[in-house]
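A.B. asks: would you be able to build a 3D model of this:
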Amino acid sequence: MELKPNQVRLMMLKVADAIIEAEPMLSQADRDLGDGDHGLGMKRGMEAVKAQLEPMEPSSVEQVFVTTGTAMMTSMGGASGAIFGTVFRAGGKALAGRDAFDSEGLALLLEAALEGVMKRGGAKPGDKTMIDAVAPAAAKARESIALSLTDALKAVAQAAADGTEASKAMIAQFGRAKTLGEACLGFPDAGACSVTIMLSTMRDYVTA
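C.D. replies: Numbers count the residues shown, from 1 in each chain. Have a look, this model is predicted:
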């Protein structure tokens with residue numbers, strides 16, 4: 001199975017709707033560790049994504065993902081806008097020249113996203129950031145390139161969810177959560193929660 005550019009556009013519109021719907025949960029997750037603005041920022045970013053993607057007639061997979069990243073980066077502001085914008089802009093550029101989105105494309109997208117975010121923010125796995133969901137997802141995607149896109153996304157979404165769960169046992173090294181020390185134990189990183197929602201929604205789209 002592979003997705004053509006317009007199918008990728010429809011998938012990303014589903015992702016946008018899922019993040020917008022999850023705003024209360026994401027806001028609470030961020031209030032547990034930070035200042036609580038992550039959910040509203042993600043909602044604003046995804047509303048901008050919808051405004052760009054709904055009228056689009058995409059000519060490439062790259063165009064859909066890069067447009068998603070640019071809309072998030074320019075509408076959200078702050079660290080989340082830069083980080084999530086980088087996820088899709090860097091990931092999308094890694095798909096340049098590809099006619100469709102398949103299991104190998106999923107690996108390229110997530111590996112480029114991980115590299116881009118680590119360069120931009122300086123965080124690494126174990127720092128209790130969204131990287132703790134992206135890194136295991138990228139590794140699982142590389143392991144899964146011989147599988148169908150459906151099976152690869154099932155494995156990748158589970159890896160992201162496991163990474164998010166594991167972030168509960170980490171002490172934050174970045175952002176306002178860093179000031180909490182051991183008090184942040186038991187709570188997942190809000191950005192990792194967003195990554196899990198995105199990948200789970202992509203899985204649901206291809207399995208529907």
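A.B. asks: shaky segments in this structure?
C.D. replies: Within the chain, the set of residues satisfying pLDDT under 70 is empty.
A.B. asks: kindly recompute the last result at 80.
C.D. replies: Within the chain, the stretches with pLDDT under 80 are 34-35, 174-184.
A.B. asks: for His186, phi and psi?
C.D. replies: I think there's a mix-up here, since residue 186 is Gly and not His. Phi and psi for Gly186, reported as degrees, to the nearest 10, are phi 100, psi -10.
A.B. asks: report the contact partners of it.
C.D. replies: Applying CB atoms under 8 Å, 6 or more residues apart in numbering to Gly186 gives the contacts Lys168. Using the backbone N, CA and C atoms, a C-beta is placed for each residue, glycine as well.
A.B. asks: where do the helices sit along the chain?
C.D. replies: Counting by DSSP state H, one finds helices in the chain at the ranges 5-21, 23-33, 38-53, 61-76, 78-93, 103-121, 131-143, 149-166, 190-207.
A.B. asks: for Cys184, find the nearest of those.
C.D. replies: With respect to Cys184, and counting by CB to CB, the nearest of the helices of the chain is helix 23-33 at 5.3 Å.
A.B. asks: that older thread, take the helices of the chain and lay them out in CSV including distance to Lys178.
C.D. replies: What follows is these, written out as CSV (distance: least, CB to CB, whole Å):
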stretch, distance to Lys178
helix 5-21, 25
helix 23-33, 9
helix 38-53, 15
helix 61-76, 21
helix 78-93, 13
helix 103-121, 13
helix 131-143, 15
helix 149-166, 18
helix 190-207, 14
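A.B. asks: just give me the neighbour total for the closest residue to Thr68 other than its chain neighbours.
C.D. replies: Leaving aside its chain neighbours, Thr68 sits nearest to Phe88 (4.4 Å; criterion: CB to CB, 6 or more residues apart in numbering). The number of residues packed near Phe88 is 27, by other CB atoms under 10 Å.
A.B. asks: next: Glu57.
C.D. replies: Counted with other CB under 10 Å, the burial measure for Glu57 works out to 8 neighbours.
A.B. asks: without its sequence neighbours, what residue ends up closest to it?
C.D. replies: Sequence neighbours aside, Asn6 is the residue nearest to Glu57 in space, at 7.4 Å (criterion: CB to CB, 6+ apart).
A.B. asks: do you know how far Leu149 is from Ala138?
C.D. replies: Using CB to CB, to the nearest Å, one gets 16 Å for the distance from Leu149 to Ala138.
A.B. asks: hang on, I meant Gly163
C.D. replies: 10 Å.
A.B. asks: ok, Glu54 next?
C.D. replies: Separation of Glu54 from Ala138 (CB to CB): 29 Å.
A.B. asks: burial of Ala112, as a residue count?
C.D. replies: Neighbour count of Ala112, defined by other CB under 10 Å: 22.
A.B. asks: once you drop chain neighbours, what's closest to it?
C.D. replies: Ala94 (3.6 Å).
A.B. asks: fine by me, we can end here.
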